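1. structure of the sequence below:
(one chain, ligands or ions: 3)
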Amino acid sequence: CGVFGIYAPEEDVAKLTYFGLYALQHRGQESAGIATFEGKQVHLHKEMGLVSQVFNETILHQMTGTLAVGHTRYSTTGSSRVVNAQPAVVDTRLGKLALAHNGNLVNTTRLREELLKRDCNLITTTDSEMIAHAIAEEINEGHDWLEGAIRAFHQCQGAFSLVIGTPDGMMGARDPNGIRPLVIGTLPSDPVRYVLASETCGLDIIGAEYLRDVEPGELVWITEAGLASFHWTKQPQPKLCIFEMIYFARPDSIMSGETLYSYRMRIGRILAAESAVDADLVIGVPDSGVPAAIGFSQASGIPYAEGLIKNRYVGRTFIQPTQKMRETGIRMKLNPLKDVLYGKRVVIVDDSIVRGTTSRKIVKALRDAGATEVHMRISSPPVTHPCFYGIDTDNQEQLIAATKSVTEIAKQIDVDSLAYLSWEGMLKATGEDPQNFCSACFTGNYPVTVPEPVKRSKLI
Ligand code: 5GP
Ligand code: SF4
Ligand code: MG
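-> Ligands and ions are numbered 1, 2, ... in the order given. Presented below is the predicted three-dimensional model:
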C-alpha cells in the first residue's frame with residue numbers, strides 16, 4: 001500500500017494528498033482514499049479503483065481542512081471490497097482518528113480477540129482497522145493521542161508504517177523493524193510544514209523536500225508547533241524489506257541513501273559478474289527489470305536495447321486477484337520488438353521470478369519474435385518463501401522456486417540458461433549491514449516471529 005499525510009493549514013491539503021497518492025499509485029491499485037480534518041470535522045472519500053478514478057476536482061474541492069491523510073490499497077489481508085478501503089476512520093473520546101496503514105500484522109487473531117473482549121465494534125476485516133480500534137480503545141480509557149497510539153503499537157506485531165490524522169495533529173509511525181518505508185518531507189514555507197509519504201517520489205511530486213526517514217520504532221507528531229519525535233520501543237532493529245529495494249518501490253525513490261535506480265543498476269552489474277554469458281543483446285523486462293539490465297550491459301559490454309514495449313495503461317499484473325486475470329494481464333501488457341530481437345542471442349533481465357507464469361510467456365514471446373537464444377538473468381535470489389509482512393508473494397506452493405531447482409525452472413520457462421543474483425550480492429550492494437534488511441522470502445528467516453497457524457496457512 002501507499003500512505004501519505006500532510007499538515008499545512010495554508011495549503012489545499014486534499015489536492016496535495018491527491019497528487020502524493022498519484023505518485024504512490026504503484027503501491028496499490030485496488031482502492032484509494034483521503035480524509036481531511038477541519039477541526040473535529042472529518043471529510044472522508046474512498047472508493048475502489050485508481051486514484052484518478054476515485055477523485056475529481058469537485059470531490060477534492062469539498063474536502064477542506066488543515067491536514068489530510070491518504071491511502072492507496074493493495075490487499076494482503078481482508079478481501080478486496082470498499083469497506084476495506086482506507087483511511088479507516090474511528091470515533092474516540094477526543095474526536096475522530098483517520099488511519100492509513102502500509103504493511104501487514106501477524107498477530108491479528110490475538111488482536112481481534114482482545115478487541116472483541118473490550119466490546120469493540122469491528123466493521124471490516126483488515127488488520128489496519130484493528131490498529132485504529134486498538135488506539136481508540138486506549139484513548140477511551142483515558143490516554144491522550146500519543147500515549148494511546150504507543151500503547152496500541154505495543155499490541156501489534158508485524159509490519160506497520162502508519163499515517164494517522166487527528167483533530168489535533170498528524171502522526172507518522174513505523175514498527176520496531178521499519179519493514180515498510182515511510183519518509184518525512186518539508187514544504188518550502190514559513191513556518192515549515194511537514195509531509196509524510198511511503199516513498200520520496202510522493203514528496204517530489206508536490207515540491208516537498210526529503211528531510212529523513214521516520215526511523216524504525218519512531219513516532220512523529222506533527223502539529224502547528226512543528227515536528228516532535230518519540231522513540232516508542234526499546235528494541236528498534238532495522239529490517240527494511242529488501243524487496244522494496246529490488247522491485248516494489250519506484251526507481252526514483254530514495255532508500256538507504258540513494259535512488260533505487262542506482263541500487264538496481266549496481267545489482268545488475270554484480271549479476272553480470274556472477275553469471276556471465278556470451279550474447280548479442282541485453283534487454284530488460286519493463287519497467288522493473290530495466291535498471292538491472294542496463295547495469296548488466298555496462299558490466300558485460302553486451303549492448304543494451306529495448307526488446308519489449310510495455311503498454312503503460314495496464315496495471316501491474318500481480319495486483320489483480322485471480323490467476324486467470326493474471327494470465328490475460330501479461331498478454332495485454334508486453335509486446336516484443338521483432339526488428340530488435342530477430343536472429344539475436346538475447347540476455348533478458350528481470351527483477352524476480354515469483355510464480356514463473358510471466359517469465360514463461362515473455363520467453364515464448366522473445367522466441368516467437370526470432371531470438372535464437374534466450375538467457376534469463378534475475379536480479380534477486382530465488383523466492384522460496386511467502387511474505388507475511390505486506391507483499392503479496394502468494395502461498396509457498398505457488399512460488400516456483402520453493403519446489404523446483406534452478407535447472408528445473410529453466411526448463412519450465414524454456415530458457416537456454418538461467419541464473420539468479422546471489423543473496424550475498426543483493427545485500428552487499430546496499431552498502432549497509434546485511435542485518436538491517438528483511439530478506440525472508442529468499443531465506444525463510446522471518447525477523448518478526450510468525451505465529452504457527454498463520455505460518456501454516458501459507459507454507460507447504
Ligand atoms: P512471474 O514470472 O513470477 O510470473 O513474474 C515475475 C515478474 O512479475 C517480475 O517482473 C516481477 O516484477 C513481477 N511480479 C509478479 N508477481 C509479483 C509479486 O507477487 N511480487 C513481486 N514482487 N513481483 C511480482
Ligand atoms: Fe520483504 Fe520478503 Fe521480507 Fe516480505 S519477506 S518483508 S517481501 S523481504
Ligand atoms: Mg517486473
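2. now do Gly425 against ligand 1, distance only.
-> In this view, Gly425 and ligand 1 are 18 Å apart by Cβ to the nearest ligand atom, to the nearest Å. The C-beta positions use only the backbone N, C-alpha and C, and glycine is treated the same way.
3. can you read off the backbone torsions of the closest residue in space to that residue that isn't next to it in sequence?
-> Of all residues not flanking Gly425 in the chain, Ile270 sits nearest, at 4.4 Å (Cβ to Cβ, 6 or more residues apart in numbering). Main-chain torsions, Ile270, degrees, to the nearest 10: phi -60, psi -40.
4. so what are the domain limits for this protein?
-> 2-238, 262-431 (automatic domain parsing).
5. looking at the ones you listed, which is closest to ligand 2?
-> Closest to ligand 2 of those is domain 262-431 (Cβ to the nearest ligand atom; 3.0 Å).
6. ok, the residue nearest to Gly425 - contacts?
-> Ile270 makes contact with 295, 299, 421-422, 425, 428-429, according to Cβ atoms under 8 Å, 6 or more residues apart in numbering.
7. Val214 and Leu162 touch, don't they?
-> No: between Val214 and Leu162 there is no contact, the gap being 9.3 Å when judged by Cβ atoms under 8 Å.
8. how about the strand or helix carrying Thr358: buried residues?
-> Assessed by DSSP states H and E, Thr358 sits inside helix 357-368. Judged by neighbour count using 16 or more other Cβ atoms under 10 Å, the buried positions of helix 357-368 are 357-363, 365-367.
9. any chance of the residues you listed in a markdown table, with pLDDT and distance to Cys441 too?
-> Converted to a markdown table, these look like this (pLDDT from 0 to 100; distance: Cβ to Cβ, whole Å):
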| residue | pLDDT | distance to Cys441 |
| --- | --- | --- |
| Thr357 | 87 | 17 |
| Thr358 | 88 | 17 |
| Ser359 | 93 | 17 |
| Arg360 | 92 | 20 |
| Lys361 | 90 | 22 |
| Ile362 | 94 | 21 |
| Val363 | 95 | 23 |
| Ala365 | 93 | 27 |
| Leu366 | 95 | 27 |
| Arg367 | 96 | 29 |
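10. so where's the stretch 251-400 of the chain shaky on pLDDT?
-> Flagging of the stretch 251-400 of the chain using pLDDT under 70 yields the residue ranges 314-332.
11. likewise the stretch 1-150 of the chain?
-> For the stretch 1-150 of the chain, the stretches flagged by pLDDT under 70 are 76-79.
12. contacting residues for the one residue in the stretch 101-250 of the chain that gets nearest to ligand 2?
-> Nearest residue of the stretch 101-250 of the chain to ligand 2: Cys241, at 3.1 Å (Cβ to the nearest ligand atom). Listed by Cβ under 8 Å, 6+ apart, the contact set of Cys241 reads 159, 179-181, 248, 389-391, 437-438.
13. contacts for the helix or strand containing His43?
-> Applying DSSP H and E as the criterion places His43 in strand 41-48. Strand 41-48 has contacts (Cβ under 8 Å, 6+ apart) with 14, 30-36, 53-55, 59, 62-65, 71, 80-82, 85-87, 89, 96, 98, 165.
14. what about 7 Å?
-> Residues outside strand 41-48 that contact it (Cβ atoms under 7 Å, 6 or more residues apart in numbering) are 30-36, 54-55, 59, 62-65, 82, 85-87, 89, 96, 98.
15. how far out from the middle of the chain is it?
-> How far strand 41-48 lies from its chain's middle: 22 Å, per Cα atoms, centre = their mean, to the nearest Å.
16. how far does the next helix or strand after it sit from the chain's center?
-> Downstream of strand 41-48, the next assigned helix or strand under DSSP H and E is helix 51-54. The chain centroid and the centroid of helix 51-54 are separated by 19 Å under Cα atoms, centre = their mean.
17. and the helices in the stretch 351-460 of the chain, which stretches?
-> Per DSSP state H, counting those that start in this stretch, the stretch 351-460 of the chain carries helices over the ranges 357-368, 400-403, 406-413, 423-428, 440-443, 452-458.
18. what's the closest of those helices to Thr233?
-> Nearest to Thr233 among the helices of the stretch 351-460 of the chain is helix 440-443; the distance by Cβ to Cβ comes to 20.3 Å.
19. export the closest one to PDB, keeping only CA atoms.
-> This file holds the C-alpha atoms of helix 440-443, laid out as PDB (Å, rounded to 0.1, in the frame of the first residue of the first chain):
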ATOM      1  CA  ALA A 440      12.900 -13.700   4.500                       C
ATOM      2  CA  CYS A 441      11.200 -14.500   1.200                       C
ATOM      3  CA  PHE A 442      14.700 -15.700   0.000                       C
ATOM      4  CA  THR A 443      15.700 -17.500   3.200                       C
END
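20. related to what we said a few turns ago, out of the domains of the chain, which is the most enclosed?
-> Of those, the one with the most neighbours on average (mean count of other Cβ atoms under 10 Å) is domain 2-238, at a mean of 21.
21. quick check: Ile302 vs ligand 1, distance?
-> Ile302 is 20 Å from ligand 1, where distance means Cβ to the nearest ligand atom.
22. what helix or strand is that residue on?
-> Element membership for Ile302, per DSSP H and E: none, as it lies in no helix or strand.
23. include distance to Gln41 when you put the helices of the stretch 351-460 of the chain into TSV, please.
-> Below are the helices of the stretch 351-460 of the chain laid out as TSV (distance: least, Cβ to Cβ, whole Å):
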stretch	distance to Gln41
helix 357-368	46
helix 400-403	50
helix 406-413	55
helix 423-428	48
helix 440-443	43
helix 452-458	39
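24. quick one: Met171 and Ala149 touch, right?
-> Yes: using Cβ atoms under 7 Å, Met171 is in contact with Ala149, at 6.0 Å.
25. which residues do Val214 and Leu162 both contact?
-> Jointly contacting Val214 and Leu162 under the rule Cβ under 7 Å, 6+ apart are 172-173.
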